[in-house]
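1. no sequence for this one, just the structure:
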């Protein structure tokens, strides 16, 4: 039996309208609303990457989901995001908790897949929103 539900914040290809969103649908993840976290968003080519920040001016827009079976769902998402809990230095992303500021003012803690270090060559995404019109959704 799994633990109580957990929350997941997504900012890139797992968002509605993007290529990997069907993975969340198949997991029966429940959409809870839009919000933002502190951080900077970088264009890594086929997908974005977030790096956390405590700055109030640096925000990343995304979506919050509830995971009903977090143990299994997070294992599957870890594989998808190439996060290896026992080898974080070998991981493409690392999973950490962050505070999500929901539209409407409420705050919740949720899992987020962050880059393990700030990229030196990747371009920052203006407006910190991967889903803005004009962005590729392939």
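-> Done, it's in. Values in this document were obtained by computation on a predicted structure and should not be read as measured data.
2. those helices in the protein, which residues are they?
-> 21-26, 70-80 (DSSP state H).
3. Remind me what the worst-scoring helix or strand of the chain on mean pLDDT packs against, helices and strands.
-> Least confident element among the helices and strands of the chain, by mean pLDDT, DSSP states H and E: strand 123-124 (a mean of 90). Other elements packing on strand 123-124 under the criterion 3 or more CB pairs under 8 Å, 6 or more residues apart in numbering; DSSP states H and E are strand 30-43. Where C-beta positions appear, they are placed from N, C-alpha and C, glycine not excepted.
4. surely residue 53 meets residue 40?
-> Yes - if you go by CB atoms under 8 Å, residue 53 and residue 40 touch, sitting 5.7 Å apart.
5. so who does residue 94 touch?
-> Residues near residue 94 by CB atoms under 8 Å, 6 or more residues apart in numbering: 83, 88, 113, 114, 115, 116.
6. and the gap between the first one and residue 52?
-> Going back to what we said before, that points to residue 83. Here the distance between residue 83 and residue 52 works out to 15 Å (CB to CB, to the nearest Å).
7. out of these two, which sits in the busier spot?
-> The neighbour count for residue 83 versus residue 52, taken as other CB atoms under 10 Å, is higher for residue 83 (22 against 17).
8. Quick check: pLDDT value at that one.
-> Reported pLDDT at residue 83 in the predicted model: 97.
9. pretty sure it contacts residue 113?
-> Yes - the criterion here is CB under 8 Å, and residue 83 meets it with residue 113 at 6.5 Å.
10. Now do the strands in this protein.
-> Counting by DSSP state E, the chain has strands at residues 6-10, 30-43, 48-52, 59-67, 94-102, 107-114, 123-124.
11. neighbouring contacts of the first one?
-> Residues outside strand 6-10 that contact it (CB under 8 Å, 6+ apart): 24, 29, 32, 35, 37, 62-67, 70, 73-74, 77, 98, 100, 108-112.
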